[in-house]
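1. Provided below for reference: sequence and predicted model.
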Amino acid sequence: MSDPKDLRAAPPRGPLPAPDTAPGHGHRSHEADGDGRHPAHELGHRAGLSVHPDSLAEQRAVPDVCAPEPQQRGRFGRWALDGLTDSAGAHQGPHGKAAHTNHWLRVMCLTGVDYFSSLGYQPAIAFLAAGFVSPIATLVLVALTLFGALPVYRRVASESYRGEGSIAMLERLLPWWGGKLFVLALLGFAGTAFIITITLSAADAAEHAVSNPLVPKSFAGAHLWVTLLLILLLGAVFLRGFNEAIGIAVVLVAVYLVLNAIVVIDGFVLVLQQPALFTDWGRALLAQGGGNIFGVIGVALLVFPQLALGLSGFETGVTVIPQIRGDADRPGQRPEARIRGAKRLLTTAATTMSLFLIASSLVTTLLIPPREFQPGGAANGRALAYLAHEHLGPIFGTAYDASTIAILWFAGASAMAGLLNIVPRYLPRYGMAPTWARAVRPLVIVFTVIAVLVTLAFNASVDAQGGAYATGVLMLITSAATAVTLSARRKRQWKRTVGFGVVALILAYTLVVNIVQRPDGVRISLLFILGILVVSFLSRIRRSFQMRATSVLFDDAALEFLREAEDYGAIHLVANEPGARDEEEYRTKARDERRDSNIPGRASIIFLEVTKADSSDFEEDLEVRGIIRHGFRVLEVASGNVPNTLAAVLLQIRNITGVVPHIYFEWTEGNPVSNMFRFLVSGEGEVAPVTREVLRETEPDVRRRPMVHVS
């Protein structure tokens, strides 16, 4: 199978620099031995290669050379894909590359709109789950937060400081397809956590809006529509732009925490004025615990997993690390100042939230009648707002509602930013999403539609979505604890391995209990995972014939091989599957290809070999090395995918030299169907036909397309 076209039918693009004409480096016209060996006298002059000193710098990246011409798009397409980079792997999401960094305290507010906003619904959900034991169960949750989740994520900040989060740690620890599938599953749980953050926060914001005493009674049944309106408004903001997030977050968090502090302090004053409240609570507490304190502790340990909503915000906290200022950072060095800021951010946020969780749980349990926590009650989903209206008046209560609505709505913005930060980092790089997944606007539309569907499915109920949210959050934190445990083990830090391992087991127990008690959460997560897997693999199959290399660079020896071959007016490459790599292998391969493919006897040949790497990788930077092995010239490149890599190297050779190269294959043995699956899974299979198909898809001009011969 070949393309019988003139080698020089098209003008050269990016020619190889001309050889130096200085004494001792004149233009050489070597003759190759009949078997393709490098001439013996040339071996003695390797130190004097006539490679232009700027040859490496002048090589072009493959996407600039091989990518098809940009498609003409309509007005909507241009608007939707505005800002889409064509450089594979370059998109880092809204938090990936920060043009202007900020003090860690300001960045804390960006993650805090998600973390602190859970005070709007956490106390009510806690009482529904634990009843009068909720303050004790909250203490257990706080202990797990400060002595479990916080140390875990401080370690994540140290090892995953580019904003990839804990998922990137597991990706590095679990290579090949197993790691990719595990990451896809984690992305499903992350998607669950972030999407439910958007829908649950909007639902609770709507609850605060329609339950305000100053709102007309006619809005009482508009809870669902208000929730949908908030979600659509959130999507519209991201479609327009989201540049001043940190400044807005600072104001919202500061106002919200001050108002919550006023409500909590006023609640403690009321409790101190009515000592009987403590007595009544203690009696109800013991009754719920079976009459003794050990029973109370047992109940707290059993029910605290249902309070896991209070662990939200840690994963978001590590995705915003690139936004943190690091004055002492140097390019190419570990950003120690930024890492220190990230650790302070996590510690301050966790400590602040822990204090508010304990205080709010206690005052709401003591001051609010139990019936008001139930569905339809005045405190359902808005316990602190109930206290604000009940004890501080409608004006302050309305101000509290407005602040809560704003921060809950902005918590959805933080979650949307988290989705836009995580998805483009993984799926396009795996080949498991269309190229438009690197553009912000199409993703915003997709996530907004999903959020609307989830809201309709749950009828905008805060209580109904709590299980799915807790499942997603707990899975992410448990995977983070597992990642740091494995990291500590690899570094032989045995005490930390044991400590993190214990935390991982506790979190795993919490996750399992939450799943058993609220299985709807894992069902929703599994739907997300299934959707991601189906879309991912369909996209991978659809993109299987695309150019996958993000760049191709040749070393000096490889460039010299190409220069020498170009001197003959043609470049003949023999594709060789590496075996023993002994002299007999190359001698036999050269002889057979010359005979079967009718390579001219005096033509110089070069072997082209792909050393197999991780076949689950989709995008790769290729480095081609020139090696003289047993007197034969060999171009060697490491890659997880053979045919796409060969096509990329061939096109780059054409670009550098201006000569359309020939490549020679042997037919692959085996069933075509099984070879197809081998190609999709291991990157091998029918190498020759797939190489030509990739070339055909990439280069429409047959005159410039490298020629494929099979014998």
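-> Done, it's in.

2. Please count neighbours and contacts with C-alpha atoms only from this point.
-> Fine.

3. for the stretch 501-650 of the chain, what are the low-confidence residue spans?
-> Confidence mapping of the stretch 501-650 of the chain against pLDDT under 70 gives the ranges 566-568, 601, 614-616.

4. longest strand anywhere in this protein?
-> Using DSSP state E to define each element, the chain has its longest strand at strand 620-629.

5. mind listing what's buried in that strand?
-> 620, 622-627 (16 or more other CA atoms under 10 Å).

6. now for the helix or strand following that strand, which elements pack on it?
-> Downstream of strand 620-629, the next assigned helix or strand under DSSP states H and E is strand 632-639. Using 3 or more CA pairs under 8 Å, 6 or more residues apart in numbering; DSSP states H and E, the elements in contact with strand 632-639 are strand 605-612, strand 620-629.

7. Tell me which of the ones you listed lies nearest to residue 516.
-> Of all the helices and strands packed on strand 632-639, strand 620-629 sits nearest to residue 516, with 42.0 Å by CA to CA.

8. Direction included, what does the closest one pair against?
-> Here strand 620-629 has these sheet partners by DSSP bridges: strand 549-554 (parallel), strand 632-639 (antiparallel).

9. neighbouring contacts of that strand?
-> Applying CA atoms under 8 Å, 6 or more residues apart in numbering, the external contacts of strand 620-629 come out as 38, 548-559, 561, 583, 633-639.

10. Report the buried members of the residues you listed.
-> Applying 16+ other CA under 10 Å to those flags 38, 548-559, 561, 633-639 as buried.

11. Longest helix of this protein, counting residues only.
-> Longest helix in the chain by number of residues (criterion: DSSP state H): helix 383-426.

12. Which element is encountered next along the chain beyond that one?
-> Downstream of helix 383-426 (by DSSP H and E), the next one is helix 440-458.

13. could you give the angle of that next one to helix 383-426?
-> 140 degrees (axes from the mean of the first three to the mean of the last three CA atoms, to 10 degrees).

14. Can you give me the buried ones in helix 440-458?
-> For helix 440-458, the neighbour count (16+ other CA under 10 Å) marks 440-445, 447-448, 451-452, 454-456, 458 as buried.

15. Show me what that helix is packed against.
-> helix 176-210, helix 223-240, helix 383-426.

16. Average pLDDT for the very next helix or strand once past it, rounded please.
-> Per DSSP H and E, the first helix or strand lying C-terminal to helix 440-458 is helix 462-490. What helix 462-490 shows for mean pLDDT is 84.

17. For the residue nearest to residue 397 when sequence neighbours are not counted, give its distance to residue 311.
-> In space, and not counting its chain neighbours, residue 397 is closest to residue 389: 4.3 Å by CA to CA, 6 or more residues apart in numbering. Distance, residue 389 to residue 311, using CA to CA, to the nearest Å: 27 Å.

18. And the two? Which one has more around it.
-> Neighbours around residue 389 and residue 311, counted as other CA atoms under 10 Å, are more numerous at residue 311. The numbers are 23 against 20.

19. give the contact list for the more buried one.
-> 115, 145, 149, 473-474.

20. try 10 Å
-> By CA atoms under 10 Å, 6 or more residues apart in numbering, the contact set of residue 311 is 115, 118, 141-142, 144-145, 149-150, 350, 353-354, 470, 473-474, 477.

21. I'd like the average pLDDT over stretch 318-326.
-> Mean per-residue pLDDT for stretch 318-326: 81.

22. gap between the two ends of that stretch?
-> Span of stretch 318-326 from end to end, CA to CA: 15 Å.
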